[in-house]
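Asks: any chance you could fold what I've pasted below:
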Amino acid sequence: MSLGEQIKRLKKEKNAIILAHYYQRPEIQEIADYVGDSLGLSQKAAETNADIIVFAGVHFMAETAKILNPTKTVVLPDLEAGCSLAESCPPESFSKFVEAHSDHVVITYINCSAEIKALSDIVCTSSNALKIVESVPKNTPIIFAPDRNLGKYISKKTGREMLLWDGSCVVHEAFSIEKLLALHKKHPDFKIIAHPESEEHILDTATYIGSTAGMINYVKENPKEKFIVATEAGILHKMQQEVPSTVLIPAPAYNDNTCACSECGYMKVNTLQKLYDCLVNESPRIEVSDTIRERALLPIERMLELSK
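Replies: Just a heads-up that it's a prediction; the model follows:
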């Protein structure tokens, strides 16, 4: 019996569900019950009847699932699956920042720790950040954290002045504008599509800017076009599945690595073997203290309600 077949057998025996992000390895995406972006994954986690949630993603995603499902077992294949963006916003520093601007509504991007969510009024994802910001009365000042690039993009789109935390994602800041422009010059018929965590000079080149799910939908809606894709390269697997005939090129990174693209090392630490092991052992488990969980749940629930 193959490893994949063993995982499927265990999943059935233990009433488990496997949730995977678009940036996971292709073989993990293939075995998952649901593959999606942060919003879709949160929604699936909120509605599942499974006893065990195997989160093939990074730590903050598994934490969010645990916050929504305190009585369920939530496991992450590798506890080293962190997030540079989440790490750029330490809870102690952010708490002082919020206290210094106590008249502000605090909107946090879901790519942050449970402790940061507990300091928030509303959580958002790149799929719904625009809608969430626009739901706040115009005369109410806003703190937006932790991603300054997404914050700048939303501020530009809404015309809202927001106080931005100075955090960023190393994957989306790894794109080389010089290499991207050279690649586009070589392929002028390709459209550039980009994730809003990217820097402004990258976004300025894009025909379409959106979340991972939004980018996939855009490619599906324009099957005859060809694309240069400025986000983590793992998304190309699902895009190619959805539109097999479309030609896709990952946007180039500063570093000359094996894929000539930007990959998230954190996302790639999860493997099929680790996924199998965590199902067998029902560990490593994700735990969130009741105090943090109760405070973090409210802004997540507000987001889910506003996203209906």
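Asks: thought Pro77 was touching His59?
Replies: No: counting by Cβ atoms under 8 Å, Pro77 does not reach His59; the two are 11.1 Å apart. For every residue, glycine as well, the C-beta is placed using N, CA and C.
Asks: who's in contact with the closest residue to Leu297 other than its chain neighbours?
Replies: The shortest distance from Leu297 to any non-neighbouring residue, by Cβ to Cβ, 6 or more residues apart in numbering, is to Ile67 (5.4 Å). Residues near Ile67 by Cβ atoms under 8 Å, 6 or more residues apart in numbering: Ala114, Lys117, Val288, Arg293, Ala296, Leu297, Ile300.
Asks: now with 6 Å, please.
Replies: Shown in contact with Ile67 (Cβ atoms under 6 Å, 6 or more residues apart in numbering): Val288, Arg293, Ala296, Leu297.
Asks: give me the neighbour count for Ile142.
Replies: As a burial measure, Ile142 scores 23 neighbours (other Cβ atoms under 10 Å).
Asks: settle it for me: which of Pro77 and His59 has more neighbours?
Replies: More neighbours surround Pro77 than the other of Pro77 and His59, with 26 against 21 (other Cβ under 10 Å).
Asks: tell me which residue is most central in this structure.
Replies: Closest residue to the average C-alpha location of the chain: Ser38 at 4.6 Å, with Cα atoms, centre = their mean.
Asks: ok, it touching Tyr109?
Replies: No: contact criterion Cβ atoms under 6 Å: Ser38 and Tyr109 do not qualify, at 8.7 Å.
Asks: now do the spatially closest residue to Tyr218 that is not a sequence neighbour against Ile235, distance only.
Replies: In this structure, Tyr218 finds its nearest non-sequential neighbour in Tyr208, 4.8 Å apart by Cβ to Cβ, 6+ apart. Counting by Cβ to Cβ, to the nearest Å, the separation of Tyr208 from Ile235 is 13 Å.
Asks: looking at the two, which is more packed in?
Replies: Set Tyr208 next to Ile235 and count neighbours by other Cβ under 10 Å: Ile235 wins out with 23 against 17.
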